[in-house]
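> Make a model of this:
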Amino acid sequence: MNGFRSRLVSLTRKEFRQLLRDRSNLAIGILLPMVLILIFGYGMSLDVKNAPVAVVMEDASPTAHEAVAGLQLSPTIAPVLLGSMHDAEELMRERKVDGIVRVPADFSRALAAGNARVQLIVHGSDAGRASIIKAYVSGALAQAGVRQADRSGDAAGAAAAGSVAVEQRMWFNAANTSTWYLVPGLIVLIMTLVGAFLTALVMAREWERGTLEALFVTPVRPVEILLAKIIPYFAVGMLGLTLCLLSARYLFAVPMYGSLLVVVFSSMLYLIVAVSLGLVISSVTRNQFLASQVALIATFMPSMMLSGFLFDLRNVPTAVRVVGHLLPATYFMDLIKTLFLAGDVWPLIWRNCAILLAYAVGLLLVARAVTRKSLD
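Predicted coordinates for the structure are as follows:
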């Protein structure tokens, strides 16, 4: 027993020392759980709060304003008063509002006659969020009839006269299925996996084997090395994009209302961003195991959790929202879903493509600087 105890203590002491010397193991054991609990605890929310909904008041009477007053008291809905359906539709296409409530010009007269109708149009790219918004808006509008019935002496007649029917429509997701919402987002995850994660692993393996150092003693320039590394994985990523587009169209029947050329061009921009980020990670770490963990924490997991893939970033705390908007995946996610489900919304396309281009140029310059530093 004494020999067993001595050997066990010695081996345990040795493993503790090895653990403390290997910082990558400490990062996985301490940093990764902290990142996971913060992301899932603060960054992931399926609740709907302060959803912007455009309210078009074609009837300016006090009765009409009272009918939509319940929207202003709801913690779920943030009404935006507008003067025309054209302005509301533009905001809907740019995803600045999640729905449109249209109060027709004859609302007051129809309400007195007992056949008042209000049109509700909901952005249906996220089927679950759309269902929640429809339920809350319908409930808030129904309160107008209840309040009018309470103020009347004839409760039965007033209830009939005060009823408000809600005509519901769903834009950008006529099938009302989450598949249309999730499949375009999977393109972002696959581009991230192929571009950043795979590139970081392969490059780190070459750093470990010393093949890159062998190239450094040749007349080959750093720019040429970077381009030679980018081109193959860029081709693999484009092949993955092709398979994703074919699967979305023929396996899941997801429509594409936007231009295919814009989808391909924006995907190429994001793929350059992802590959460049993988080169930077591999050049800094130069270790396969550490590179895989850094790439997982810095690229793939944020792309899945904080880019708008699973839930709307407007429902999370401000600090998490700021982190999400620092990720290039957030802008590509917004762009690819809009192109698939809403069409060519050019203000959003120009803005997000410009941001992706800035990320691509910046990360390429960083990758070149890191590679040049390794030559010194």
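
> which phi and psi does the residue nearest the centre of the chain have?
Centroid check for the chain by Cα atoms, centre = their mean gives Gly308 as the closest residue, at 1.8 Å. When read as degrees, to the nearest 10, the backbone of Gly308 gives phi 90, psi 10.

> And the pLDDT at it?
In this model, Gly308 is scored at 80, pLDDT.

> Distance-wise, check it relative to Arg314.
As for Gly308, its distance to Arg314 is 9 Å (criterion: Cβ to Cβ, to the nearest Å). To be clear about C-beta, it is placed using only N, CA and C from the backbone, and glycine gets the same treatment.

> hmm, back to that, could you double-check that the residue nearest to the centre of the chain lies in contact with Ile336?
No. Under the criterion of Cβ atoms under 8 Å, Gly308 is not in contact with Ile336, lying 10.5 Å apart.

> which residues are in contact with both of these two?
Gly185 (Cβ atoms under 8 Å, 6 or more residues apart in numbering).

> And for Pro52, the neighbour number?
Using other Cβ atoms under 10 Å, Pro52 has 16 neighbouring residues.

> just Val361 next, same as before
Using other Cβ under 10 Å, Val361 has 13 neighbouring residues.

> Please, which helix or strand holds it?
helix 346-375 (DSSP states H and E).

> For that helix, which helices and strands make contact with it?
Counting contacts by 3 or more Cβ pairs under 8 Å, 6 or more residues apart in numbering; DSSP states H and E, helix 346-375 is packed against helix 211-216, helix 222-250, helix 260-285, helix 328-341.

> Buried residues of that helix, list them for me.
Of all the residues in helix 346-375, those buried under the rule 16 or more other Cβ atoms under 10 Å are 348-349, 352-353, 355-356, 359-360, 363-364, 366-368, 370-371.

> quick one: Lys229 and Trp207 touch, right?
No. Using Cβ under 8 Å as the test, Lys229 is too far from Trp207 to be in contact (11.6 Å).

> who's more crowded, the two?
Lys229 (21 against 18).

> The more buried one: what's it in contact with?
Thr199, Met203, Leu279.

> what's the second one sitting at in phi/psi?
By that I understand Met203. Dihedral pair for Met203: phi -60, psi -40, per degrees, to the nearest 10.

> now swap in the first one and tell me
Here the main-chain torsion angles of Thr199 (degrees, to the nearest 10) amount to phi -60, psi -40.

> residues near the closest residue to it other than its chain neighbours, how many?
Nearest residue to Thr199, sequence neighbours excluded (Cβ to Cβ, 6 or more residues apart in numbering): Gly278, at 3.0 Å. Other residues within reach of Gly278, judged by other Cβ under 10 Å, total 30.

> wait, doesn't Gly278 sit right on Val194?
No. Counting by Cβ under 8 Å, Gly278 stays clear of Val194, with 9.3 Å between them.

> Quick check: next helix or strand after the least confident helix or strand in the chain by mean pLDDT?
In the chain, no helix or strand scores lower on mean pLDDT, DSSP states H and E than helix 155-161, which sits at a mean of 44. Later in the chain than helix 155-161, the nearest helix or strand by DSSP H and E is strand 164-171.

> Identify the residues contacting that next one?
With Cβ under 8 Å, 6+ apart, strand 164-171 has contacts from 67, 92, 111, 115-124, 130, 134, 137-138, 141-142, 144-145, 176, 342.

> Find me the pLDDT at Val294, would you?
So Val294 comes in at 85 (pLDDT).

> Report how many residues lie close to Ile132.
Ile132 has 17 neighbours, counted by other Cβ under 10 Å.

> What of the one 4 residues further on?
The local packing count at Tyr136 equals 20, with neighbours defined by other Cβ under 10 Å.

> Please report the distance of it from Arg321.
22 Å.

> Strands along the stretch 1-150 of the chain, start to end?
51-57, 77-82, 99-103, 116-123 (DSSP state E, counting those that start in this stretch).

> still on that earlier bit, out of the helices and strands packed on helix 346-375, the one nearest Gly83 is which?
helix 328-341 (25.1 Å; Cβ to Cβ).

> elements contacting the closest one?
helix 179-192, helix 260-285, helix 301-305, helix 346-375.

> do that again at 10 Å, thanks
Using 3 or more Cβ pairs under 10 Å, 6 or more residues apart in numbering; DSSP states H and E, the elements in contact with helix 328-341 are helix 179-192, helix 222-250, helix 260-285, helix 301-305, helix 318-325, helix 346-375.

> Redo the ones you listed as CSV? Include distance to Thr76 and mean pLDDT.
Output for the helices and strands packed on helix 328-341, formatted as CSV (distance: least, Cβ to Cβ, whole Å; pLDDT from 0 to 100):
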stretch, distance to Thr76, mean pLDDT
helix 179-192, 19, 82
helix 222-250, 31, 81
helix 260-285, 32, 91
helix 301-305, 23, 81
helix 318-325, 18, 84
helix 346-375, 25, 86
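
> Let me have these in JSON lines, extended by distance to Val53.
Shown next, in JSON lines, are the helices and strands packed on helix 328-341 (distance: least, Cβ to Cβ, whole Å):
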{"stretch": "helix 179-192", "distance to Val53": "19"}
{"stretch": "helix 222-250", "distance to Val53": "29"}
{"stretch": "helix 260-285", "distance to Val53": "28"}
{"stretch": "helix 301-305", "distance to Val53": "26"}
{"stretch": "helix 318-325", "distance to Val53": "20"}
{"stretch": "helix 346-375", "distance to Val53": "19"}
